[in-house]
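*Asks:* What follows is a protein structure lacking sequence information:
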């Protein structure tokens, strides 16, 4: 196509925009800026002017009032010129004002309504490229978590304010205080009932093996665990330590550690790691006398009131006065604002029942608070160092409370080592877990272990129908807000 014909077609395209006649017979080009809607003006932003008559327009000239000085295109006056491309802009939202910047309107002129050419046209959504997820190293993750913990621990932080508000609501709610007292009391009586049940009748038994089997059978039955068969290999493996385990049951707090060290049954542990062997250890915290242990337990009640149930149980076994126990319980809860819970819990602790648990511990002899366990991939001494860094279990909390006054020694059961080909074989060989659970059961609750021990725990036996009914009665009594329809 020749240049002349191309210019003619361009002028013919824009002619209706410049030479349209209004209702009063005047041409639009004589009335100044166009008031036609943006959709009718088209998407072109400029008009090619003849070369000889092209005007230099400025912002001030275009904004002057009066007749538009824009010349009307003439057909065939100049050869065709290349049109500049219009910039693609995202139209504003529907109903918003926009400023027309194309050359057919004066700058600054605003038009109400949709800026798109079609009624159903929608603005194009900006495509956001998702950020690539970065994988953090263990060191970076630990640093991030530590920083988050530090921020939560700061006074006045959002976390601290929320926890303070929830604690204030909990302290002033009578029903919640009643629930707290009931739960702490029930946990204490569970410890006391288990202790008396498993030790019943052992005074008349002289054989250590029979004592151990009786304690283990009653303990697993009380905890609804499957019994260990009499022909299990675990009983043969435990024979060298039967006398020590029996003494831990008959004489808690004061079994003769020095005697069993001299006999070679207990050996002080070191940092040596024995590969492919499960090592069993007895960690012992030594106190000069029962009074020193009672003082440490009273301090534990004041610092960790949520774990006061087992601490009350220990004090009752040591023969600590019932009035002093109740005073410690009241002081611990009252200092945190749970006045009603303290009053109700003290009322639930009967003096007669507390005094009936007294074992008659010798007042001037050394006493021990033990902890039993096993390790495969580490050593008993290394396990002690690792446990001190934890803050969510009974042993590290109690040990940290003692500070530099604590005297703790890890002893290894020299004759209980068991083959462990892989670090995870304790999940497949039940004897490894049975040995640990038996050692903990023989301590009869006089231990800093937070759980009964033994892996796996898949041998749980559901309670009988009568016990099941008692559980539901207890739940309805202590937690009346809980609505449970399906039993």
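*Replies:* That came in fine, so what should we check first? As the structure is a computational prediction, the values presented were derived from the model and not from experiment.
*Asks:* wait, doesn't residue 154 sit right on residue 147?
*Replies:* No: judged on CB atoms under 8 Å, residue 154 makes no contact with residue 147 at a distance of 11.1 Å. Yep, even glycine has a C-beta here, placed from its N, CA and C like the rest.
*Asks:* By residue count, which helix of the protein is the longest?
*Replies:* helix 174-198 (DSSP state H).
*Asks:* Return the list of helices and strands in contact with that one.
*Replies:* If contacts are counted by 3 or more CB pairs under 8 Å, 6 or more residues apart in numbering; DSSP states H and E, helix 174-198 sits against helix 208-222, helix 308-317, helix 339-348, helix 465-478.
*Asks:* what about the strands in the stretch 101-250 of the chain?
*Replies:* Using DSSP state E, counting those that start in this stretch, the strands of the stretch 101-250 of the chain run over residues 110-111.
*Asks:* shaky segments in it?
*Replies:* Across the stretch 101-250 of the chain, the ranges flagged by pLDDT under 70 are 101-126, 132-133.
*Asks:* mind redoing it with 90?
*Replies:* 101-143, 145, 149-160, 162-173, 176, 201-206, 223-226 (pLDDT under 90).
*Asks:* about what we covered before: for the helices and strands packed on helix 174-198, which one sits closest to residue 278?
*Replies:* helix 208-222 (18.7 Å; CB to CB).
*Asks:* Quick one: end-to-end length of stretch 342-361, please.
*Replies:* 28 Å (CA to CA, to the nearest Å).
*Asks:* What distance do you get for the residue lying closest to residue 383 once chain neighbours are set aside to residue 423?
*Replies:* Counting by CB to CB, 6 or more residues apart in numbering, the nearest residue to residue 383 once its immediate chain neighbours are dropped is residue 375, at 5.1 Å. Look at residue 375 and residue 423: by CB to CB, to the nearest Å, they are 10 Å apart.
*Asks:* neighbour count winner among those two?
*Replies:* residue 375 (22 against 14; other CB atoms under 10 Å).
*Asks:* Pull the contacting residues for that one.
*Replies:* 278-279, 281, 382-383 (CB atoms under 8 Å, 6 or more residues apart in numbering).
*Asks:* Same check on residue 272?
*Replies:* Contacts of residue 272 (CB under 8 Å, 6+ apart): residue 379.
*Asks:* what's the pLDDT at it?
*Replies:* Here, the pLDDT recorded for residue 272 equals 82.
*Asks:* got the phi/psi numbers for it?
*Replies:* phi -70, psi 130 (degrees, to the nearest 10).
*Asks:* repeat for residue 283
*Replies:* Taking degrees, to the nearest 10 as the convention, residue 283 sits at phi -90, psi 130.
*Asks:* Quick check: the gap between it and residue 242.
*Replies:* 20 Å.
*Asks:* out of those two, which sits in the busier spot?
*Replies:* Just comparing residue 283 and residue 242: by other CB under 10 Å the higher neighbour count belongs to residue 283, 24 against 18.
*Asks:* Identify the residues contacting residue 394.
*Replies:* 307, 310, 448-450.
*Asks:* got it, and residue 377?
*Replies:* 273, 423.
*Asks:* quick one: pLDDT of it?
*Replies:* 82.
*Asks:* can I assume it sits in a strand?
*Replies:* No: using DSSP: H, G, I helix; E, B strand; the rest coil, the assignment for residue 377 is coil, not a strand.
*Asks:* buried sites along stretch 193-207?
*Replies:* 194-195, 198-199, 202, 205 (16 or more other CB atoms under 10 Å).
*Asks:* Now do the same contact list for the residue nearest to residue 441 when sequence neighbours are not counted.
*Replies:* Once flanking residues are discounted, residue 441 sits nearest to residue 219: 4.2 Å by CB to CB, 6+ apart. Taking CB under 8 Å, 6+ apart, we find residue 219 in contact with 194, 198, 441, 452.
*Asks:* Residue 331 against residue 302, yeah?
*Replies:* Yes: taking CB under 8 Å as the definition, residue 331 is a contact partner of residue 302 at 6.7 Å.
*Asks:* Can you list the low-confidence ranges for the stretch 301-450 of the chain?
*Replies:* 350-353, 355, 362-364, 376-396, 399-407, 420-430, 450.
*Asks:* And the strands in it?
*Replies:* 367-375, 408-413, 418-419.
*Asks:* which of those is buried the deepest?
*Replies:* Of all those, strand 367-375 carries the top mean neighbour count, a mean of 22, counting by mean count of other CB atoms under 10 Å.
*Asks:* Residue 444 contacts residue 253, correct?
*Replies:* No: with contact defined as CB under 8 Å, residue 444 and residue 253 do not form a contacting pair (10.5 Å).
*Asks:* Which of the contacts of residue 219 sits closest to residue 183?
*Replies:* Distances from residue 183 to the contacts of residue 219, taken by CB to CB, are shortest for residue 194, at 16.7 Å.
*Asks:* Just give the closest residue to that closest one, not the sequence neighbours.
*Replies:* Per CB to CB, 6+ apart, closest to residue 194 is residue 222, 5.5 Å.
*Asks:* Hmm, that neighbour is touching residue 198, no?
*Replies:* Yes: checked against CB under 8 Å, the pair residue 222 and residue 198 is within contact range at 6.4 Å.
*Asks:* Residue 281: what secondary structure?
*Replies:* strand.
*Asks:* separation between it and residue 264?
*Replies:* Distance from residue 281 to residue 264, by CB to CB: 15 Å.
*Asks:* Looking at those two now, which is surrounded by more residues?
*Replies:* residue 281 (24 against 10).
*Asks:* For the more buried one, which non-adjacent residue is closest in space?
*Replies:* residue 380 (3.7 Å).
*Asks:* who touches residue 393 in this structure?
*Replies:* Taking CB under 8 Å, 6+ apart, one finds 387, 450 in contact with residue 393.
*Asks:* Now it: phi and psi?
*Replies:* Dihedral angles (degrees, to the nearest 10) for residue 393: phi -130, psi 170.
*Asks:* how about residue 200, what does it touch?
*Replies:* Counting by CB under 8 Å, 6+ apart, residue 200 touches residue 218.
*Asks:* And residue 227, by the same measure?
*Replies:* So residue 227 contacts 217, 220-221 (CB under 8 Å, 6+ apart).
*Asks:* Kindly report the same for residue 360.
*Replies:* residue 319.
*Asks:* gap between it and residue 317?
*Replies:* 10 Å.
*Asks:* try residue 362
*Replies:* 13 Å.
*Asks:* now swap in residue 448 and tell me
*Replies:* 14 Å.
*Asks:* count of neighbours near the residue lying closest to residue 230 once chain neighbours are set aside?
*Replies:* Nearest residue to residue 230, sequence neighbours excluded (CB to CB, 6+ apart): residue 213, at 7.6 Å. Residue 213 has 19 neighbouring residues, counting by other CB under 10 Å.
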